[in-house]
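S.K.: mind folding the following:
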Amino acid sequence: MALDRRRFLQLAALGVVAPATLLACGRGSDRIAAIDHPELLTMLGPDRVREIGAHYRAATPSERTADALQSAISNGHRLRIPLFGGSLDDQIHDDFADGRTVLVDGWVLSVTEARQCALNSLTRV
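M.R.: This is a model prediction of the structure:
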């Protein structure tokens with residue numbers, strides 16, 4: 001089978017777009033698993049993260065449920081394609097850069113980190 005330039009470019013574009021689409025759309029459970037697993041877990045441990053999350057939920061009545069927290073975290077994202085940069089880490093960085101921080105149980109956290117802790121406190125038992 002001869003591969004002309006046009007067909008090569010089509011296949012190359014498909015090779016880039018297909019994985020990006022799968023990562024951007026992602027399956028629901030994979031996406032939830034990522035957002036309820038804050039980086040703070042490695043630094044503070046699961047018990048402390050759950051405590052912080054419980055404090056945040058108590059202080060923020062509109063974000064007490066998993067659905068509300070997932071929605072709030074998702075709404076904080078800009079339109080980004082994961083393969084080309086952009087992640088929760090970028091969102092956290094943007095939160096700090098733009099002054100979107102909260103004081104929770106003695107910790108200054110980005111709003112995204114606090115929401116992740118709150119979601120973690122609901123999903124991890």
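S.K.: name the spans of the chain whose pLDDT lies under the cut-off.
M.R.: The model of the chain has pLDDT under 70 over residues 1-3, 7-11, 14-33, 76-86, 124-125.
S.K.: swap in 90 and give it another go.
M.R.: 1-40, 42, 74-89, 123-125 (pLDDT under 90).
S.K.: which parts of it are strands?
M.R.: 101-104, 107-110 (DSSP state E).
S.K.: most packed of those strands?
M.R.: strand 107-110 (a mean of 18; mean count of other CB atoms under 10 Å). C-beta here means a position set from N, CA and C on the backbone, and glycine is covered the same way.
S.K.: strand partners (parallel or antiparallel) of it?
M.R.: strand 101-104 (antiparallel) (DSSP bridges).
S.K.: what's in contact with the strand it pairs with?
M.R.: Ile52, His55, Tyr56, Ala59, Asp95, Val108, Leu109, Ser110, Val111, Ala114, Cys117 (CB atoms under 8 Å, 6 or more residues apart in numbering).
S.K.: so the second one is in contact with Asp105, correct?
M.R.: What that stands for is His55. Yes - at 4.4 Å, His55 counts as touching Asp105 under the criterion of CB atoms under 8 Å.
S.K.: which of these two has more residues huddled nearby?
M.R.: His55 (20 against 16; other CB atoms under 10 Å).
S.K.: how near is that one to Ser110?
M.R.: Noted for His55: a distance of 15 Å to Ser110, by CB to CB, to the nearest Å.
S.K.: one more: Asp47?
M.R.: 21 Å.
S.K.: sweet, I'm off.
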